[in-house]
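>>> Kindly return the folded structure for what I paste below:
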Amino acid sequence: MLAMIVLIAGLLTGCGGDQSGSASQQDGGGKAGQDGNAPKEQGKNAPEKKILFGVVKFVNPKTEGFSVRPTIEEQGKKPVVFRLAKESSITLGGKEAKLEDMKKGQQAQVEYVERNDRNRARTVRLFEAGGGAQDNQGGEKTG
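A predicted model of the protein is given here:
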């Protein structure tokens, strides 16, 4: 549980650092940053990466779709629906996994981009539950 709190804190710090990080990227990338239009053009071509941390609510391996309810208030309360991107990776406890390994109630971290008004998951990190008792407790909190 402590590891999850540390991970969430790191994500929040990383998300907040994204805004200030863009300024430092401009300073550090002076060669590319001399042309002020270059970063804007990259933004149009390359969608912004986002990260969501939450609890798996729904999985459909046939459509390669799933939904995750955020556990961080700033990310909202409603489940976010995802489809796997063409080149995506899923890990469970640090080992390679498949969408079929994803279970309702599991903790997940999803790195994704928005394409054509759809969330495309590029990297999904699933976390193993510590035991059956934790799964039951998680169900009571969410349901």
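>>> Which strands border the helix or strand containing residue 68, and is each parallel or antiparallel?
Per DSSP states H and E, residue 68 falls inside strand 65-70. The strands beside strand 65-70 in its sheet (DSSP bridges) come out as strand 50-60 (antiparallel), strand 80-92 (antiparallel).
>>> List the buried residues for it?
65-70 (16 or more other Cβ atoms under 10 Å). For glycine as for every other residue, the C-beta is placed from the backbone atoms N, C-alpha and C.
>>> Please tell me I have it right and residue 53 contacts residue 74.
No. Between residue 53 and residue 74 there is no contact, the gap being 10.7 Å when judged by Cβ atoms under 8 Å.
>>> Helix or strand, whichever it is, which one in this protein has the lowest mean pLDDT?
Least confident element among the helices and strands of the chain, by mean pLDDT, DSSP states H and E: helix 132-142 (a mean of 40).
>>> quick one, domains of the chain?
1-46, 49-131+138-143 (automatic domain parsing).
>>> Which of those domains comes out lowest on mean pLDDT?
Mean pLDDT is lowest for domain 1-46 among the domains of the chain, at a mean of 48.
>>> distance of residue 81 from residue 47?
17 Å (Cβ to Cβ, to the nearest Å).
>>> what do you get for residue 60?
23 Å.
>>> ok, now residue 108?
Taken as Cβ to Cβ, the span from residue 108 to residue 47 is 20 Å.
>>> likewise residue 121?
According to Cβ to Cβ, residue 121 stands 13 Å off from residue 47.
>>> Ok, residue 67 next?
Taken as Cβ to Cβ, the span from residue 67 to residue 47 is 20 Å.
>>> before we move on, what about residue 87?
Per Cβ to Cβ, residue 87 is found 14 Å from residue 47.
>>> Looking at these two, which has the bigger crowd around it?
Shown here are residue 87 and residue 47; by other Cβ atoms under 10 Å, residue 47 has more neighbours (13 against 8).
>>> so who does the more buried one touch?
The contact partners of residue 47, taken as Cβ atoms under 8 Å, 6 or more residues apart in numbering, are 113-115.
>>> most surrounded residue in the residues you listed?
residue 113 (15 neighbours).
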